[in-house]
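[1] Prediction below, plus the sequence it came from.
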Amino acid sequence: MLIVQYILLFIIVLFIIKTAKSLVRKKIHFADFLLWLIFWAVVSSVIIWPQITQQLAELIGVGRGADLVVYLGMLGLYFFFYNILVKVKQLEEKITTLGREIAIRDGKDLTEDKKQEIN
């Protein structure tokens, strides 16, 4: 193995440790932890055996293994950004609903306070 492979594997181990700490601190769910673990296992496999990407590329009909990695990376990023966009939209809707509920609740409280001041 090349030195760069050892360095990349070391970095992946650090990411796995960080993810495990997030799980222990309950910042992520167990299902999320498993997904990340599978992802890092696949990345580690590709680092250790880079010929896997070439074989998959030939099987799919892509010219080179590096091209396949780039295409899959782009698809992954699009999927990630789409999910983030959906979550932001959901949060915006929740904030709007909460704002309306608070305004209605506080509006009723204000009218009751003014009635008491008049009496």
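    Yep, it's here.
[2] mind checking how far stretch 4-11 is from the chain centre?
    23 Å (Cα atoms, centre = their mean, to the nearest Å).
[3] how near is residue 45 to residue 8?
    Distance of residue 45 to residue 8, given as Cβ to Cβ, to the nearest Å: 12 Å. C-beta here means a position set from N, CA and C on the backbone, and glycine is covered the same way.
[4] ditto for residue 48
    Counting by Cβ to Cβ, the separation of residue 48 from residue 8 is 10 Å.
[5] same deal with residue 40?
    11 Å.
[6] again with residue 102
    Distance from residue 102 to residue 8, by Cβ to Cβ: 49 Å.
[7] Same check on residue 54?
    From residue 54 to residue 8 the distance is 18 Å (Cβ to Cβ).
[8] what's the answer for residue 59, then?
    Taken as Cβ to Cβ, the span from residue 59 to residue 8 is 24 Å.
[9] Who has more neighbours out of those two?
    Remark: of residue 59 and residue 8, residue 8 carries more neighbours, 16 against 9, as counted by other Cβ atoms under 10 Å.
[10] and the closest residue to that one other than its chain neighbours, what helix or strand is that in?
    Leaving aside its chain neighbours, residue 8 sits nearest to residue 47 (5.1 Å; criterion: Cβ to Cβ, 6 or more residues apart in numbering). Using DSSP states H and E, residue 47 falls within helix 30-48.
[11] hmm, who's touching the helix or strand that that helix is followed by?
    Per DSSP H and E, the first helix or strand lying C-terminal to helix 30-48 is helix 51-60. Under the criterion Cβ atoms under 8 Å, 6 or more residues apart in numbering, residues 45-46, 63-69 lie in contact with helix 51-60.
[12] Perfect, that will be all.
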